[in-house]
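Visitor: Generate a structure from the sequence data that follows.
(2 chains)
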Amino acid sequence: MYLKGPDELERLRKQVIEGKKAEEGQKRVVLCTGTGCRGAGALEVSEAFQKELDRSSDIELKRTCCHGFCERGPITVIEPMGVFYQMVSPEQVSQIIAETVKKGEVIEDLLYKDPKTGENIRYEKDIPFYMRQMRLVFGHNRLIDPTRIEDYLATGGYKALTKALFGMSPEQIIEEVKRSGLRGRGGGGFPAGRKWENCRRAGADVKYVICNCDEGDPGAYMDRSLMEGNPHRVLEGMIIGAYAIGASEGYVYVRNEYPLAVQNVGIAIKQAEKMGLLGENILGSGFKFTISINRGGGAFVAGESTALMASIEGQVAEPRAKHIHTVESGLWERPTNLNNVETWANVPVIIERGADSYSNIGTEGSKGTKIFSLVGKINNTGLIEVPMGMTLREIVHDIGGGIPGGKKFKAVQTGGPSGGCIPEALMELPVDFDELTKAGSMMGSGGMIVMDESTCMVDVAKYFTNFLRDESCGKCTSCREGTLRMYEVLDDITKGKGREGDIELLEELGWVTAEASLCGLGQTAPNPVLSTIHYFRDEYEAHIRDKKCPAGVCRDLITYDIDTELCIACGKCKKECPVEAITGEKKVPHEIDQDKCIRCGTCMEVCPEDAVKVQ
Amino acid sequence: MAEELQELLASYSASRRFLLRILQTVQQKMGYISEEAMVEVAHHLDISPVEVYGVATFYNQFRFIPYGKHHIVACLGTACHAMGGQLILDGFERELEIKAGGITPNHEWSLDRVGCIGCCTKAPVVVVNDIIHPKMTPFRVEEVLAGLGLEKGKGEEEVEAGEGESQ
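Guide: Below is the predicted model of the structure:
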């Protein structure tokens, strides 16, 4: 259906909403089939539901994408009751249909059990993981089948676009975004409204807008989940931005590793074109705007704006100096405005609610909410959306539910590979752009990797430095050689070959790499090293002076031993050891031959008595 | 092969901006980017083959050797690393007797590593023939391989013996 004007859009929305009202009480299985739940077997569960439902036509299966609580996937909500089931397996599907969907009986075993109180919780909203969140941008995911534009319209979708196109001038939109205080969610935190304004002012016949979905930070996946789960919201933000700036063409640059995101945004673009929300004369306003998709090639540095533009042009993704900003000369040397997925997804919220209401949320310098991916050594892993300024403690303990296995919290790593590690002492830190930078880390795209006492901070620094060494494009000597040299020093330290003075050498190398590199990758590359030295210097010293890894991670500095008191001589470790390093007879405690041992950890994993100890 | 490539190239106009897309399609269709393919792509876009080579080798996505029958990708994103991903990759390297980026002599198995697949809550993960295996452990490496028919020691020995004869 091609919509000729805003009134037709509203009529369609009314129809959709009325249709949904008529369906009230409809028996429905809402199943998350986002990438996280797919990893836990959601597609098999979906198939099982489909098979069951083929037999009963009055029940509907709705496949959404990410609800956020990926730890507990596959996630299912049974409507109209709203019961929240977690970790559903295909074998349980027929029971769910027979008991819950048909008879309204709750299956206690499938409910989320609060580990603190031991009580089963029936509804999503009562689960501590969700209770403290503010799901302004991400919340609609659970209502939307991303392949159905009607679902988006029912949540008020494209209302902000109508308001922008017919009720506001481009200047007014930019003013609104400026007043909202929205800062770029991709990492830099540059005020979005100012960027738009500069791009609008740049004179040219053709201008571009770009959506950066090259989410390369390992450990962060909020952009993917938004793109997979609610692609129309991102498109709506882009269309409004393009109108404000005066751009006629848009590009969505998606990471190659995100096939489902590519698929869903592709479907969404086609639907929007068909309805006249993209293309010539959008909603009869006279405004023309098209969007095409580019797939990345698996280069981390391509997430940098100038590198990304080079990549769209078919070039090697090398950043260039920004003496001339991309808003003046970007893609094909035309004014180009690039924002990240989450930034674009915030735009419809700002236009619809108004800047005043939006800027009430958050802190002085960072407005609105931020989506974080909370992963690593933490009980409730998943995607969370919280107002800017929430303390780390609230995030880690209240939402994240603390550290598993009774272990001690050590640090949380934020900001991706170029971020830093924040220690226990700073748990009261309000999380926003400026506070994180002050603490020696950064917001980045919002990854939060929680580390406990069994994480070695030197190993963490080595990991990130190796990643950046690998991903450095090689253009600047300081970055290419600096990351390599830092990696070599760190590698030596973790192998027991560290020398006095190595820490100072790392600090010096870090300083040069940051000062002399062109783009954000090199400028922030020393962060993981410098922040771990700053907060965890004692761990470095233990490696260098005592040749010990306190966390028991660095393989050249640890040994696995069997506690003869605890060993029951069951023979499991002996059987599973891949290098036959374990000897022992029945009823005789086993022993590990340290010369043969490759420290793979298998024996520790299979031991039923926890008799294998690492030192 | 050559015909298929020509057909594929014909569907793209000769503009540099399509270089990445063309290479992606070539890899999707052929499984990897051969030297001949790079020369043909260069010819089609009227650029030097070394330009194509430069772009293809810059992006991690592109492979220059074919996949094995079973392709295994170990994720070494931050979450996977923190949860012991390196031990998992080591396990596959040990069992298959190849390094990441390699392929077994009998072309049955290939192994790669990836920065992050965004499945961090299930760390550490591996992707085997496009299926995600969550929460891997060193012990489960052998299980996964055995499930796909790897008989430890046996397959490799036969291949090695075969190679020995041909030399």
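
Visitor: A:Leu31 and A:Ala42 touch, don't they?
Guide: Yes: assessed by CB atoms under 8 Å, A:Leu31 is found in contact with A:Ala42 at 6.5 Å. Using the backbone N, CA and C atoms, a C-beta is placed for each residue, glycine as well.

Visitor: between the two, what contacts are shared?
Guide: Common contacts of A:Leu31 and A:Ala42, defined by CB atoms under 8 Å, 6 or more residues apart in numbering or on different chains, comprise A:Pro74.

Visitor: More neighbours: these two, which one.
Guide: With neighbours defined as other CB atoms under 10 Å in any protein chain shown, A:Leu31 and A:Ala42 compare such that A:Leu31 has more, 26 against 23.

Visitor: Three-state assignment for the more buried one, please.
Guide: Three-state call for A:Leu31 (DSSP: H, G, I helix; E, B strand; the rest coil): strand.

Visitor: And for B:Ala79?
Guide: B:Ala79 ends up helix, using three-state DSSP.

Visitor: per-residue pLDDT, it?
Guide: Here, the pLDDT recorded for B:Ala79 equals 80.

Visitor: for B:Met83, same thing?
Guide: 83.

Visitor: Now it. Nearest residue, chain neighbours left out?
Guide: B:Ala123 (4.2 Å; CB to CB, 6 or more residues apart in numbering or on different chains).

Visitor: got a pLDDT number for the one you found?
Guide: Value for B:Ala123, per-residue pLDDT: 86.

Visitor: number of nearby residues for it?
Guide: As a burial measure, B:Ala123 scores 27 neighbours (other CB under 10 Å).

Visitor: Quick check: it touching B:Ile88?
Guide: No: between B:Ala123 and B:Ile88 there is no contact under CB under 8 Å: 9.8 Å.

Visitor: Between the two, which contacts overlap?
Guide: B:Cys80.

Visitor: Show me how the record splits the chain into domains.
Guide: Using chain A here. A:25-79+A:83-122, A:147-359, A:369-452, A:457-546, A:559-614 (automatic domain parsing).

Visitor: That was the other one, I meant chain B.
Guide: B:2-58, B:70-151.

Visitor: between those domains, which one is nearest to A:Glu591?
Guide: domain B:70-151 (19.9 Å; CB to CB).

Visitor: re earlier: spit out the contact partners of the residue nearest to B:Met83.
Guide: So B:Ala123 contacts A:Val375, A:Gly376, B:Cys75, B:Gly77, B:Ala79, B:Cys80, B:Ala82, B:Met83, B:Gly85, B:Lys135 (CB under 8 Å, 6+ apart).

Visitor: For A:Asp502, state which of those is nearest.
Guide: For the contacts of B:Ala123, the nearest to A:Asp502 is B:Ala82 (23.5 Å; CB to CB).

Visitor: low-confidence ranges in the chain?
Guide: Since you didn't name a chain, this refers to chain A. Chain A contains no residues with pLDDT under 70.

Visitor: ah, no, chain B please
Guide: B:1, B:152-167.

Visitor: Try it again at 80.
Guide: B:1, B:82, B:116, B:118, B:120-121, B:151-167 (pLDDT under 80).

Visitor: Would you mind measuring from whichever residue of it sits closest to chain A to A:Ala317?
Guide: At 2.9 Å from chain A, B:Tyr59 is the closest residue in chain B, using CB to the nearest CB. Computed with CB to CB, to the nearest Å, the distance linking B:Tyr59 and A:Ala317 is 7 Å.

Visitor: ranges for the helices of chain B?
Guide: B:2-10, B:19-30, B:35-45, B:49-58, B:78-82, B:85-96, B:138-147, B:154-166 (DSSP state H).

Visitor: among the ones you listed, which is the most enclosed?
Guide: Burial of the helices of chain B is given as mean neighbour count (mean count of other CB atoms under 10 Å in any protein chain shown); helix B:78-82 ranks first at a mean of 30.

Visitor: list the helices and strands that helix packs on?
Guide: With contacts defined as 3 or more CB pairs under 8 Å, 6 or more residues apart in numbering or on different chains; DSSP states H and E, helix B:78-82 has these neighbours: strand A:369-376, strand A:447-452, helix A:457-471.

Visitor: gap between the first one and the chain center?
Guide: Right, strand A:369-376. 6 Å (CA atoms, centre = their mean, to the nearest Å).

Visitor: what do you get for stretch A:322-331?
Guide: Distance of stretch A:322-331 from its chain centroid, counting by CA atoms, centre = their mean, is 28 Å.

Visitor: Please enumerate residues in contact with it?
Guide: Counting by CB under 8 Å, 6+ apart, A:195, A:198-199, A:202, A:208, A:210, A:251, A:305-306, A:309, A:312-313, A:335-338 sit against stretch A:322-331.

Visitor: wait, B:Leu8 sits on B:Lys29?
Guide: Yes: between B:Leu8 and B:Lys29 a contact is recorded at 6.3 Å, counting by CB under 8 Å.

Visitor: Please report how far A:Gln523 lies from A:Cys211.
Guide: Counting by CB to CB - A:Gln523 and A:Cys211 are separated by 24 Å.

Visitor: who has more neighbours, the two?
Guide: Taking other CB under 10 Å, A:Gln523 and A:Cys211 do not tie; A:Cys211 has more neighbours (27 against 18).

Visitor: Next up, the contacts around that one.
Guide: By CB under 8 Å, 6+ apart, the neighbours of A:Cys211 are A:Val234, A:Met238, A:Gly250, A:Tyr251, A:Val252, A:Tyr253, A:Leu338, A:Asn339, A:Asn340, A:Val341, A:Trp344.

Visitor: Mind checking which of the residues you listed land in strands?
Guide: Assigned to strands by DSSP state E, the following of the contacts of A:Cys211 qualify: A:Gly250, A:Tyr251, A:Val252, A:Tyr253, A:Leu338, A:Asn339, A:Asn340.

Visitor: Run through the residues that contact the fourth one.
Guide: Same thing as A:Tyr253. Contacts of A:Tyr253 by CB under 8 Å, 6+ apart are A:Ile210, A:Cys211, A:Asn212, A:Cys213, A:Asp214, A:Asn294, A:Arg295, A:Gly296, A:Ala302, A:Leu308, A:Ser311, A:Ile312.

Visitor: if we go to 10 Å?
Guide: Counting by CB atoms under 10 Å, 6 or more residues apart in numbering or on different chains, A:Tyr253 touches A:210-214, A:293-296, A:302-303, A:308-309, A:311-312, A:338.

Visitor: quick one: secondary structure of the closest residue to it other than its chain neighbours?
Guide: Nearest residue to A:Tyr253 in three dimensions, chain neighbours excluded: A:Asn294, at 4.8 Å (CB to CB, 6+ apart). Recorded secondary structure, A:Asn294: strand (three-state DSSP).

Visitor: Number of residues surrounding A:Asn294?
Guide: Neighbour tally, A:Asn294, other CB under 10 Å: 22.

Visitor: Contacts only, for it.
Guide: Taking CB under 10 Å, 6+ apart, one finds A:210, A:213-214, A:251-254, A:262, A:308, A:311-314, B:17, B:20-21, B:24 in contact with A:Asn294.

Visitor: Restricted to buried residues, select the residues you listed in ChimeraX.
Guide: Selection of the buried residues among these in ChimeraX, burial being defined by 16 or more other CB atoms under 10 Å in any protein chain shown:
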select /A:210,213,214,251,252,253,254,262,308,311,312,313,314 /B:17,20,24
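
Visitor: Turn the domains of chain A into a markdown table, columns for distance to B:His107.
Guide: Converted to a markdown table, the domains of chain A look like this (distance: least, CB to CB, whole Å):
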| stretch | distance to B:His107 |
| --- | --- |
| domain A:25-79+A:83-122 | 28 |
| domain A:147-359 | 23 |
| domain A:369-452 | 34 |
| domain A:457-546 | 27 |
| domain A:559-614 | 24 |
